[in-house]
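Chemist: Here is my input; please provide its structure:
(one chain, ligands or ions: 1)
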Amino acid sequence: MTVSTRPGPAELLLGSDPQRRLHTLLTLVGWLTCFVMACAQHAAAMLGLADEAHTSRLAVFSLVGATLFYLLMRSGLAPRLASDAALSWLQASWALVSISWAYAVSGPARGAAVVLLVLMPLFGIFTLTPRQTRLMALTSFLAITLVVVWKTQSEPLRYDPRVELMHLIFAAIVMSVSTVLATLIGRLKRQSQRERAELASALERIQALATKDELTGLTNRRAAGEQLRRAARDPGAPLCVAMIDLDRFKQVNDSRGHAVGDEVLRHFARVARETVRAEDMLARWGGEEFLLLMPATTPEQALAVLARLRARLHAAPLAAAGPGYVVTFSAGIAACGDAADADLDAAIARADAAMYRAKHEGRDRALLEPAPA
Ligand SMILES: Nc1nc2c(ncn2[C@@H]2O[C@H](COP(=O)(O)OP(=O)(O)OP(=O)(O)O)[C@@H](O)[C@H]2O)c(=O)[nH]1
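Modeler: As a prediction, this is how the structure comes out:
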């Protein structure tokens, strides 16, 4: 069966990068707003409320700008061109020019342009900090005020100062309310982002606690059981398990104290981890007992791995546990043949038996338990 990899319409329009998708979607919403506004302005011109040539120029300015922002975002050029990946300030400035221009050319219908100012802080929720949102709202209000002053000065007969004052008062009210709301929503958004990050790191910690041995950082017995079951289902290659038990470990605890005993365990885990392959699984099975699962390994190769581990431990004495102290271990190895038929519980029991034989034969050695006939 072949899986279709053709992108859907949403992916075609917005791309696949999750962070860029949001920014691209915002530019698309901005484009649609411009398109609807251009239609509304055209209707105003047809009704004789606004000048046709002015509204056409404004429509071209706002639609070309909106298209450009969309293309910059969709193509991924925007983050490469500016440190502000969403081009928030550039887009806000362009929107502000469009709204001020709309106010100046909408004739008696210009009061409607004031409503558009509400949108400025709302778009900012996604890309600006609360402080930047407030600054942007204030700048927008000042820009509209300048347009009002300019118009009442240059065309006093058409722009009644009392009406314009009312427009400014309404602009101040709607912008203040939308800024407060945008700030509150922005705060909620950041709080939920923080909580999500905390939850993810708590989950990571819980997973580590559930699968790792706290002292050595190795896989713990519970997680090892699951990995063993998975390995047993994996067909095709010979498999070996080794049960490893440190020699005369109790003496270290008794003579040097528990903390030094812990250090010996950590030291062994470190050296062993560096010795085995990445695909092997080394787990702390109990106190000073470790289980090593070696996939795709013959018994001879397993013996060689443990000989290498012994050599590395000899080459790395642990002074904290006594002058020239070297960690030694007794190990039992059981081969399982094809992993698909491996009875790992039985193999572990055989490796355990071989490990006890190694102890009885004088310690510091690895013995191979042959596969049952
Ligand atoms: N420091 C430390 N000691 C531990 C830990 N877990 C188990 N032990 C100790 O490990 C010791 C194991 O002792 P034994 O089972 O007699 O084994 P041994 O002294 O290594 O002797 P052989 O195995 O016969 O060579 C006990 O004293 C346990 O208390 C641990 O997490 N930290």
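
Chemist: quick one, helices of the stretch 151-300 of the chain?
Modeler: 161-211, 221-233, 249-256, 258-275, 299-314 (DSSP state H, counting those that start in this stretch).

Chemist: To clarify, my last question referred to the stretch 1-150 of the chain.
Modeler: Using DSSP H, counting those that start in this stretch, helices in the stretch 1-150 of the chain cover 9-14, 18-46, 52-74, 77-81, 88-105, 111-116, 119-127, 130-154.

Chemist: can you tell me which of those comes nearest to the ligand?
Modeler: Minimum separation from the ligand across these (CB to the nearest ligand atom) falls at helix 18-46, 43.8 Å. The C-beta positions use only the backbone N, C-alpha and C, and glycine is treated the same way.

Chemist: From the contact counts, what lies against the closest one?
Modeler: Other helices and strands packing on helix 18-46, by 3 or more CB pairs under 8 Å, 6 or more residues apart in numbering; DSSP states H and E, are helix 9-14, helix 52-74, helix 88-105, helix 119-127.

Chemist: Kindly reformat these as CSV and extend each row with mean pLDDT, distance to Leu309 and mean neighbour count.
Modeler: Output for the helices and strands packed on helix 18-46, formatted as CSV (pLDDT from 0 to 100; distance: least, CB to CB, whole Å; neighbours: other CB atoms under 10 Å):
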stretch, mean pLDDT, distance to Leu309, mean neighbour count
helix 9-14, 85, 51, 12
helix 52-74, 93, 56, 18
helix 88-105, 88, 58, 21
helix 119-127, 84, 55, 21
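
Chemist: before we move on, back to that, for Leu26, which of the helices of the stretch 151-300 of the chain is the nearest?
Modeler: helix 161-211 (13.6 Å; CB to CB).

Chemist: quick check: angle from that closest one to helix 221-233?
Modeler: Here the directions of helix 161-211 and helix 221-233 differ by 80 degrees (axes from the mean of the first three to the mean of the last three CA atoms, to 10 degrees).

Chemist: And this structure, split by domain according to the record?
Modeler: Following automatic domain parsing, the chain resolves into domains at 10-204, 221-369.

Chemist: What parts of the stretch 151-300 of the chain come near the ligand?
Modeler: 215, 245-250, 253, 258, 261-262, 265, 287-288 (CB under 6 Å from any ligand atom).

Chemist: repeat that for 5 Å
Modeler: Within reach of the ligand by CB under 5 Å from any ligand atom, the stretch 151-300 of the chain has these residues: 247-250, 253, 258, 261-262, 287-288.

Chemist: Can I get the buried ones among the residues you listed as something I can paste into PyMOL?
Modeler: To isolate the buried members of those in PyMOL, using 16 or more other CB atoms under 10 Å:
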select buried, resi 247+249+253+261+288
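
Chemist: Closest to Thr24 out of the residues of the stretch 151-300 of the chain next to the ligand?
Modeler: For those, the nearest to Thr24 is Asp262 (53.8 Å; CB to CB).

Chemist: The closest one contacts Asp213, correct?
Modeler: No. Applying CB atoms under 8 Å as the test, Asp262 and Asp213 come out as separate, 11.5 Å apart.

Chemist: Gly217 - nearest residue in space that isn't next to it in sequence?
Modeler: Take Gly217 and drop its neighbours on the chain: the residue closest to it by CB to CB, 6 or more residues apart in numbering is Ala269, 6.7 Å away.

Chemist: Same question for Ala171.
Modeler: Distances taken as CB to CB, 6+ apart put Val114 closest to Ala171, at 4.8 Å, once the chain neighbours are dropped.

Chemist: wouldn't the one you found be in contact with Tyr103 here?
Modeler: Yes. Contact criterion CB under 8 Å: Val114 and Tyr103 qualify, at 7.3 Å.

Chemist: shared neighbours of these two, anything?
Modeler: Common contact partners of Val114 and Tyr103 (CB atoms under 8 Å, 6 or more residues apart in numbering): Ile144.

Chemist: picking that back up, between the helices of the stretch 1-150 of the chain, which gets nearest to Arg350?
Modeler: With respect to Arg350, and counting by CB to CB, the nearest of the helices of the stretch 1-150 of the chain is helix 18-46 at 50.7 Å.

Chemist: neighbours of Ala50, just the number please.
Modeler: As a burial measure, Ala50 scores 23 neighbours (other CB atoms under 10 Å).

Chemist: Revised request: answer the last question for Leu157.
Modeler: Neighbourhood size, Leu157 [other CB under 10 Å]: 5.

Chemist: quick one: pLDDT of it?
Modeler: At Leu157, the model reports a pLDDT of 86.
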